[in-house]
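Colleague: just coords:
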């Protein structure tokens, strides 16, 4: 049944009040998350240096461990340090012996996506850091091998370990520590591809452009190959939640993500459009390609139209609230992007991915239409933007 003007306005009003309720809920969860207590410091120190029975704080999250209550010479030092991971700050407890060598390493706080963090924990990377000295480079790709597909997590662990080790070596052991190198600006193929895709979208979005369809397929297929299968660099809910929580990484290591997120946000604010999902999303490209093969159509069960309209919004909001409460953007991930392009995920995610891929032969973009959190966030922002513009017109 076609909605009349009053009915349309009533639905718009309801959506605005629900958007306001969502903002309030996120604010409450953020406050509760900030008040949650982390693991006790005493337990962390004991796990990091079990042979010590007494710990003396040295300032700046550094501690000296002693074998008895009366010993004057420490048997080791524990430094709690942090570096930027994919989901936000990743903290480690680095145990350093009196010679300036790492004797143990304990990850005490992380916000990474579960599958990628599990991949790092099950690798030999952590063990490879044991025995490294203060004069070693301890840089990913130089003297420490990273974990494929989990570059940001690997880099964070190595960086935090190096900073903790050299802090103890210089401050407590009075050793001649090499000067810390400034962070290098990372600009490579993913950044170049992203800039190219944005440029093609900009040209294709202009009025009178004759090859819009061809340009769109160019961006989709290029993104699927490079940003999907080769580099697995998609805009995800955990990344957006991370930015919302204020976990802004160093720009030198994250030019790609700042460009992608800034592009999405800037175009939305200026034009109210979502070019990422329609032109650039690698998983959207996979669905459309399968749809071309199978002759997919825009099928939608009218009887459950409202349910499927609100389902992705409810899932996205629930995931964001959980991330804010537990201060962990990684737990907000329920997308199947990694399962598709990295072949990593739970049995449920593989099953969901298979269902989506098979459905894509018959239904246009089933994930985007019924489950995608990025589309749900766009709808939410669009509602808030429209409300704000209307209020602005009334006041001015």
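Modeller: Everything's here; your move. Since the structure is predicted, the reported quantities are computational estimates derived from the model, not experimental observations. Numbers count the residues shown, from 1 in each chain.
Colleague: give me the longest helix you can find in this protein.
Modeller: helix 5-35 (DSSP state H).
Colleague: next helix or strand past that one?
Modeller: Sequence-wise, the next helix or strand downstream of helix 5-35 (DSSP states H and E) is helix 41-48.
Colleague: name the residues that touch that following helix?
Modeller: Contacting residues not belonging to helix 41-48 are listed as 52, 55, 63, 65, 78, 80, 93-95, 104, 106, 108 [C-beta atoms under 8 Å, 6 or more residues apart in numbering]. Placement of C-beta: from N, CA and C, glycine included.
Colleague: what about the longest helix of the chain, average pLDDT?
Modeller: For helix 5-35, the mean per-residue pLDDT is 81.
Colleague: counting contacts, what elements does it pack onto?
Modeller: Applying 3 or more C-beta pairs under 8 Å, 6 or more residues apart in numbering; DSSP states H and E, one finds that helix 5-35 makes contact with helix 305-326, helix 373-395.
Colleague: how about that helix: buried residues?
Modeller: For helix 5-35, a neighbour-count test (16 or more other C-beta atoms under 10 Å) marks 15, 19, 22, 26, 29-30, 33 as buried.
Colleague: for residue 263, phi and psi?
Modeller: phi -60, psi -50 (degrees, to the nearest 10).
Colleague: for residue 256, see how far away it is.
Modeller: To residue 256, residue 263 is 11 Å away according to C-beta to C-beta, to the nearest Å.
Colleague: and for these two, which residues touch both?
Modeller: residue 194.
Colleague: would you confirm that residue 61 contacts residue 77?
Modeller: No - Residue 61 is beyond contact range of residue 77, at 11.2 Å (criterion: C-beta atoms under 8 Å).
Colleague: pick out whichever of the two has more residues nearby.
Modeller: residue 77 (30 against 16; other C-beta atoms under 10 Å).
Colleague: checking my notes, that one in a strand, right?
Modeller: Yes - assigned with DSSP: H, G, I helix; E, B strand; the rest coil, residue 77 falls within a strand.
Colleague: returning to that earlier point: if any of the contacts of helix 41-48 are buried, put those into a ChimeraX selection.
Modeller: Applying 16+ other C-beta under 10 Å to those leaves a buried subset, and the ChimeraX line that selects it is:
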select :52,55,63,65,78,80,93,94,95,104,106,108
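Colleague: adding pLDDT, write the contacts of helix 41-48 out as JSON lines.
Modeller: Converted to JSON lines, these look like this (pLDDT from 0 to 100):
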{"residue": "52", "pLDDT": "91"}
{"residue": "55", "pLDDT": "92"}
{"residue": "63", "pLDDT": "94"}
{"residue": "65", "pLDDT": "93"}
{"residue": "78", "pLDDT": "95"}
{"residue": "80", "pLDDT": "94"}
{"residue": "93", "pLDDT": "93"}
{"residue": "94", "pLDDT": "94"}
{"residue": "95", "pLDDT": "94"}
{"residue": "104", "pLDDT": "93"}
{"residue": "106", "pLDDT": "91"}
{"residue": "108", "pLDDT": "90"}
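Colleague: can you put the contacts of helix 41-48 in JSON lines and add distance to residue 395 and secondary structure?
Modeller: Listed next are the contacts of helix 41-48 as JSON lines, based on distance: C-beta to C-beta, whole Å; DSSP: H, G, I helix; E, B strand; the rest coil:
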{"residue": "52", "distance to residue 395": "63", "secondary structure": "coil"}
{"residue": "55", "distance to residue 395": "58", "secondary structure": "strand"}
{"residue": "63", "distance to residue 395": "56", "secondary structure": "strand"}
{"residue": "65", "distance to residue 395": "62", "secondary structure": "strand"}
{"residue": "78", "distance to residue 395": "56", "secondary structure": "strand"}
{"residue": "80", "distance to residue 395": "49", "secondary structure": "strand"}
{"residue": "93", "distance to residue 395": "53", "secondary structure": "strand"}
{"residue": "94", "distance to residue 395": "54", "secondary structure": "strand"}
{"residue": "95", "distance to residue 395": "59", "secondary structure": "strand"}
{"residue": "104", "distance to residue 395": "60", "secondary structure": "strand"}
{"residue": "106", "distance to residue 395": "54", "secondary structure": "strand"}
{"residue": "108", "distance to residue 395": "49", "secondary structure": "strand"}
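Colleague: so which residues of the stretch 201-350 of the chain form strands?
Modeller: Per DSSP state E, counting those that start in this stretch, the stretch 201-350 of the chain carries no strands over any range.
Colleague: so how far is residue 384 from residue 13?
Modeller: For residue 13, the distance to residue 384 - C-beta to C-beta - is 14 Å.
Colleague: joint contacts of the two?
Modeller: If you check residue 13 and residue 384 against C-beta under 8 Å, 6+ apart, no residue is contacted by both.
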